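> A structural model of the following input is requested.
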Amino acid sequence: MKIGVFDSGLGGVSVLASLLQRFPQAHFLYYGDTANAPYGDKAPERVQAWSLAAYHHFLDRGAAAMVIACNSATSAAVEAVRAVAHIPVLGIEPALKTAVEQSRDEPIAVLATAMTIRGEKLRQLIRRFPERAAHIHPIACPGLADLIEAADYAGAQAYLADTVKPRLPAEGTPLFVLGCTHYSLIQPQIRQVFGAEARIFDGNAGLARHLRNRLPILDDAPATTPPRVEFFFTHDDERKARTARQLLQHASPPPGA
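Numbers count the residues shown, from 1 in each chain. Model prediction:
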């Protein structure tokens, strides 16, 4: 069974790692729109058009489902894609519910692109927790995905220290909800800045569970060795594919995790 995984660039590799852990027997088609990345500062109409192009790419290759592994594209385009789709289309959602359930009085930092922070989907999600609203801090991080895409982890750590940390309450270690799949690739840098005890939540595991409910994939089906993953990027394809494979190896949890 072929499953399409779509992101503006390399961030969706963190989602792909979670999907491979749960469905090692599936055949994954990864589409990164590096010609137009990042999406977080683009007009929603353009993101919709690029997302529809990715959908048709997957449909032409026989995909049974499309996973939008990009929070900005989910916010701007998931409904537009679903309106024309003939296969299930799943989007990524920040794991705010899990963070709220596990929090006490700590601040909750929702780190995301400007598009996701402005989007109605995140506003609706936050409105589900009125009793915790004063503790939830949505923080737009323009430029952070660019640093991660360029593998500038030192720059990403400096960004967290210089741009994100001053915008959070001084008291208490925040819980971090990652509203951009790129940010899952810098969890070590988040802990370097905010402490090893910082708790971090992304939507990857929840999306994998949702996919299991939508497709007839058997958890006990034999796994392929190595996993079947095809990468396609709209710009700098060969180099980005090499980087994606390296990131996938780094991001993949050990068996049984």
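> where along the stretch 51-200 of the chain do the helices fall?
Counting by DSSP state H, counting those that start in this stretch, the segments of the stretch 51-200 of the chain that form helices are 71-84, 96-102, 114-118, 120-127, 144-149, 153-159, 187-194.
> now residue 76: how far from residue 190?
25 Å (CB to CB, to the nearest Å). Yep, even glycine has a C-beta here, placed from its N, CA and C like the rest.
> what mean pLDDT does stretch 45-60 have?
Taken as a whole, stretch 45-60 has an average pLDDT of 98.
> just stretch 236-253 next, same as before
Model confidence over stretch 236-253, given as mean pLDDT, is 86.
> How far off centre is that stretch?
15 Å (CA atoms, centre = their mean, to the nearest Å).
> Please apply the same query to stretch 3-12.
Stretch 3-12 has its average C-alpha position 8 Å from the chain's average C-alpha position, going by CA atoms, centre = their mean.
> do stretch 28-42 as well
With CA atoms, centre = their mean, you get 12 Å for stretch 28-42.
> would you put the C-alpha positions of that stretch in PDB?
This file holds the C-alpha atoms of stretch 28-42, laid out as PDB (Å, rounded to 0.1, in the frame of the first residue of the first chain):
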ATOM      1  CA  PHE A  28       5.900   5.700   1.400                       C
ATOM      2  CA  LEU A  29       6.100   8.400  -1.200                       C
ATOM      3  CA  TYR A  30       7.600  11.600   0.200                       C
ATOM      4  CA  TYR A  31       7.000  14.900  -1.600                       C
ATOM      5  CA  GLY A  32       8.900  18.000  -0.500                       C
ATOM      6  CA  ASP A  33       8.100  21.300  -2.200                       C
ATOM      7  CA  THR A  34      11.500  22.800  -1.800                       C
ATOM      8  CA  ALA A  35      11.000  25.100  -4.700                       C
ATOM      9  CA  ASN A  36       8.500  27.000  -2.700                       C
ATOM     10  CA  ALA A  37       9.600  26.400   0.900                       C
ATOM     11  CA  PRO A  38       9.000  27.600   3.500                       C
ATOM     12  CA  TYR A  39       5.200  27.900   3.500                       C
ATOM     13  CA  GLY A  40       4.800  29.700   6.800                       C
ATOM     14  CA  ASP A  41       5.100  33.200   5.200                       C
ATOM     15  CA  LYS A  42       3.300  32.500   1.900                       C
END
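> Pull out the buried residues from it.
In terms of neighbour count (16 or more other CB atoms under 10 Å), stretch 28-42 has its buried residues at 28-34, 36-40, 42.
> Quick one, grab the pLDDT at the residue nearest to residue 202 when sequence neighbours are not counted.
If you skip the residues right next to it in sequence, residue 202 has residue 178 as its closest partner in space, 4.3 Å away by CB to CB, 6 or more residues apart in numbering. You'll see residue 178 listed with a pLDDT of 97.
> residues contacting residue 178?
If a contact means CB atoms under 8 Å, 6 or more residues apart in numbering, then residue 178 has 94, 95, 111, 112, 184, 200, 201, 202, 203 as its contacts.
> Apply 7 Å and report the result again.
Residue 178 sits next to 94, 111, 184, 200, 201, 202 when contact means CB atoms under 7 Å, 6 or more residues apart in numbering.
> Any stretches of the stretch 1-150 of the chain with poor pLDDT?
Along the stretch 1-150 of the chain, the model assigns pLDDT under 70 to no residue.
> at 90 what do you get?
Segments of the stretch 1-150 of the chain classed as low confidence (criterion: pLDDT under 90) are 1, 21-25, 41, 104-105, 121, 133, 149-150.
> still on that earlier bit, now the contacts of residue 178 in CSV, with neighbour count and distance to residue 23?
CSV is the format used below for these (neighbours: other CB atoms under 10 Å; distance: CB to CB, whole Å):
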residue, neighbour count, distance to residue 23
94, 26, 22
111, 25, 27
184, 23, 18
200, 20, 23
201, 23, 22
202, 25, 18
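> Distance to residue 159 for the residues you listed - can I get that in CSV?
Output for the contacts of residue 178, formatted as CSV (distance: CB to CB, whole Å):
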residue, distance to residue 159
94, 19
111, 10
184, 16
200, 16
201, 20
202, 18
